[in-house]
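Chemist: With the input below, show me the fold.
(one chain, ligands or ions: 2)
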Amino acid sequence: MKTISVQTGGKLYIAGEYAILTPGQTAIIKNIPIYMTAQVREARTIHLFSDMFDAGADMTPNSDYSLIQQTIKTLAACLGKSLEALPAFDLRITGKMERDGKKFGIGSSGSVTVLTLKALSAFYDLNLSANTIFKLASYTLLKMGDNGSMGDIACITYEDLVAFTSFDRQKVASWIATESIQEVLAKDWGYRIDILKPALACDFLVGWTRQPSISKDMICLVKSAITPDFLKDTQNQVLICQEALQTGDKDVIKTSLQKVSDLLLGLSPAIYNDTLKTLKAAEEGLDVIAKSSGSGGGDCGIALSFNQTDTKTLIKRWEDAGIVLLDLEELA
Ligand code: PMV
Ligand code: MG
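Modeler: Ligands and ions are numbered 1, 2, ... in the order given. Below you'll find the model as predicted:
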């Protein structure tokens with residue numbers, strides 16, 4: 001019996017976090033090559049297993065598996081089929097993005113939705129486009145009451161460096177409540193996902209604080225501090241940074257990322273915790289720009305380094321501070 005295997009990678013925000021929660025704002029998000037795997041094969045009844053949990057599940061309501069179960073229901077509804085009418089399968093998900101029981105914070109609780117959709121698209125030979133997978137995953141998460149921007153889903157679905165412009169999630173949620181899934185999927189939700197091709201060589205580094213942070217809780221904590229000025233200033237700098245990445249303007253990349261970092265620092269003291277402050281301060285005197293990534297309060301920070309010797313110095317400074325290098329890649 002054939003087993004199909006698919007993967008999804010991680011993601012990290014480069015710029016635009018928190019602002020992206022407001023429709024029409026833009027964020028730059030980078031794919032991270034650390035993967036989760038799903039294996040799917042024919043079975044007599046639906047069986048689910050994820051190495052996040054001790055036990056497997058079927059389609060009986062189960063809080064551990066509710067997101068995977070809802071994703072399967074979304075796909076069946078989209079195909080206009082009942083669960084019973086779909087050939088059954090065994091779905092096995094492995095590759096927790098964590099070490100010593102601490103999550104990296106490069107995936108998201110939502111990324112398992114994308115992985116499940118990719119697995120079933122392959123299993124049923126549906127050839128779903130990245131755009132359809134993005135909509136189906138977002139549909140599922142909105143239905144589950146997720147409070148995120150879906151920027152993570154955009155990046156993980158496209159597996160690339162993207163500029164994501166967010167859609168009005170309340171509006172789409174109201175369509176979901178009143179219209180058929182086919183109608184909702186056929187509509188223009190008003191988002192944009194643009195793949196960015198950076199035009200200069202630099203090192204991209206990920207520093208892991210080893211302090212798990214829960215985005216959902218951070219959003220609740222920080223959201224009320226978001227002001228129109230924060231949104232306007234962040235959007236300005238994100239667009240400047242996007243342009244500078246594509247034209248290869250190092251100085252502008254650095255100044256724009258410094259400004260979005262300062263804006264996050266001013267938004268809430270919860271974002272830059274002590275380790276993230278250290279992660280950023282390690283750029284001092286180097287041809288490097290570092291910042292917190294995503295919701296902050298722990299998880300990861302990122303850096304761009306424009307000089308290979310400085311890359312080594314930065315890594316050493318991070319190591320000395322107990323910050324773990326999770327990823328080092330050449331951008332462009
Ligand atoms: O911490 P992360 O990588 O999950 O990023 C969260 C980014 C926020 O803008 C704070 C929330 C969101 O869903 O966009
Ligand atoms: Mg996070």
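Chemist: just to confirm, which helix or strand has the residue nearest to residue 85 when sequence neighbours are not counted in it?
Modeler: Once flanking residues are discounted, residue 85 sits nearest to residue 76: 8.0 Å by Cβ to Cβ, 6 or more residues apart in numbering. Any C-beta I mention is one placed from the backbone N, CA and C, and that applies to glycine too. In this assignment (DSSP states H and E), residue 76 forms part of helix 66-78.
Chemist: Could you list the residues in contact with that helix?
Modeler: If you take Cβ atoms under 8 Å, 6 or more residues apart in numbering as the criterion, helix 66-78 is touched by 46, 48, 50, 57, 59, 61-62, 82-83, 85-86, 91, 93, 109-110, 112-113, 116-117, 120, 136-137, 139-141, 143-144, 181-182, 185.
Chemist: Among those, which lie within helices?
Modeler: Counting by DSSP state H, the part of the contacts of helix 66-78 found in helices is 112-113, 116-117, 120, 136-137, 139-141, 143, 181-182, 185.
Chemist: which non-adjacent residue is nearest residue 56?
Modeler: Spatial nearest neighbour of residue 56, excluding adjacent residues (Cβ to Cβ, 6+ apart): residue 49 at 3.9 Å.
Chemist: State the distance from that neighbour to residue 229.
Modeler: Distance of residue 49 to residue 229, computed by Cβ to Cβ, to the nearest Å: 48 Å.
Chemist: who's more crowded, these two?
Modeler: Taking other Cβ atoms under 10 Å, residue 49 and residue 229 do not tie; residue 49 has more neighbours (17 against 10).
Chemist: what's near enough to touch the more buried one?
Modeler: Listed by Cβ under 8 Å, 6+ apart, the contact partners of residue 49 are 56, 57, 90, 91, 92, 93.
Chemist: Then residue 143?
Modeler: With Cβ under 8 Å, 6+ apart, residue 143 has these contacts: 70, 74, 176.
Chemist: again with residue 18
Modeler: Neighbour list for residue 18: 219, 222, 223, 226, 230, 234, 264, 267, 295 [criterion: Cβ under 8 Å, 6+ apart].
Chemist: let's go with 10 Å and repeat that
Modeler: By Cβ atoms under 10 Å, 6 or more residues apart in numbering, the contact set of residue 18 is 25, 27, 149, 218-219, 222-223, 225-226, 230-231, 234, 260, 263-264, 267-268, 271, 294-296.
Chemist: Drop anything exposed from these.
Modeler: 25, 27, 149, 218-219, 222, 226, 230-231, 234, 260, 263-264, 267-268, 271, 294-296 (16 or more other Cβ atoms under 10 Å).
Chemist: just the residues you listed that are near ligand 2?
Modeler: With Cβ under 5 Å from the ion as the criterion, these include 294, 295 near ligand 2.
Chemist: Near ligand 1, list only the ones from the buried ones among the contacts of residue 18.
Modeler: Contacts with ligand 1 within those, as defined by Cβ under 6 Å from any ligand atom: 149, 219, 294, 295.
Chemist: Kindly export stretch 14-23 (C-alpha atoms) in PDB.
Modeler: Provided in PDB are the C-alpha atoms of stretch 14-23 (Å, rounded to 0.1, in the frame of the first residue of the first chain):
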ATOM      1  CA  ILE A  14      11.000  39.900   9.700                       C
ATOM      2  CA  ALA A  15       8.800  43.000   9.900                       C
ATOM      3  CA  GLY A  16       5.200  44.000  10.500                       C
ATOM      4  CA  GLU A  17       4.200  41.800  13.400                       C
ATOM      5  CA  TYR A  18       1.200  43.100  15.500                       C
ATOM      6  CA  ALA A  19       0.400  45.700  12.800                       C
ATOM      7  CA  ILE A  20      -0.500  42.800  10.500                       C
ATOM      8  CA  LEU A  21      -3.500  42.000  12.800                       C
ATOM      9  CA  THR A  22      -5.200  45.100  11.300                       C
ATOM     10  CA  PRO A  23      -6.600  44.500   7.800                       C
END
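Chemist: does any bit of it sit next to ligand 1?
Modeler: Yes: Stretch 14-23 is in contact with ligand 1 by Cβ under 6 Å from any ligand atom, via 17, 18, 20, 21.
Chemist: quick one: average pLDDT of that stretch?
Modeler: Per-region confidence: stretch 14-23 scores 98 on mean pLDDT.
Chemist: Could you do stretch 115-134 as well?
Modeler: Taken as a whole, stretch 115-134 has an average pLDDT of 98.
Chemist: Any idea how far apart the tips of it sit?
Modeler: One end of stretch 115-134 to the other measures 11 Å (Cα to Cα, to the nearest Å).
Chemist: in it, what's buried?
Modeler: Residues 115-124, 128, 130, 132-134 are the ones in stretch 115-134 that count as buried (16+ other Cβ under 10 Å).
Chemist: How many residues are close by the nearest residue to residue 137 once chain neighbours are set aside?
Modeler: Distances taken as Cβ to Cβ, 6+ apart place residue 113 nearest to residue 137, at 4.3 Å, with adjacent residues excluded. Residue 113 has 28 neighbouring residues, counting by other Cβ under 10 Å.
Chemist: For the stretch of helix or strand residue 39 belongs to, which strands pair with it and how are they oriented?
Modeler: Assigned by DSSP H and E, residue 39 belongs to strand 26-42. According to DSSP bridges, strand 26-42 forms sheet pairs with strand 3-15 (antiparallel), strand 89-94 (antiparallel), strand 162-165 (antiparallel).
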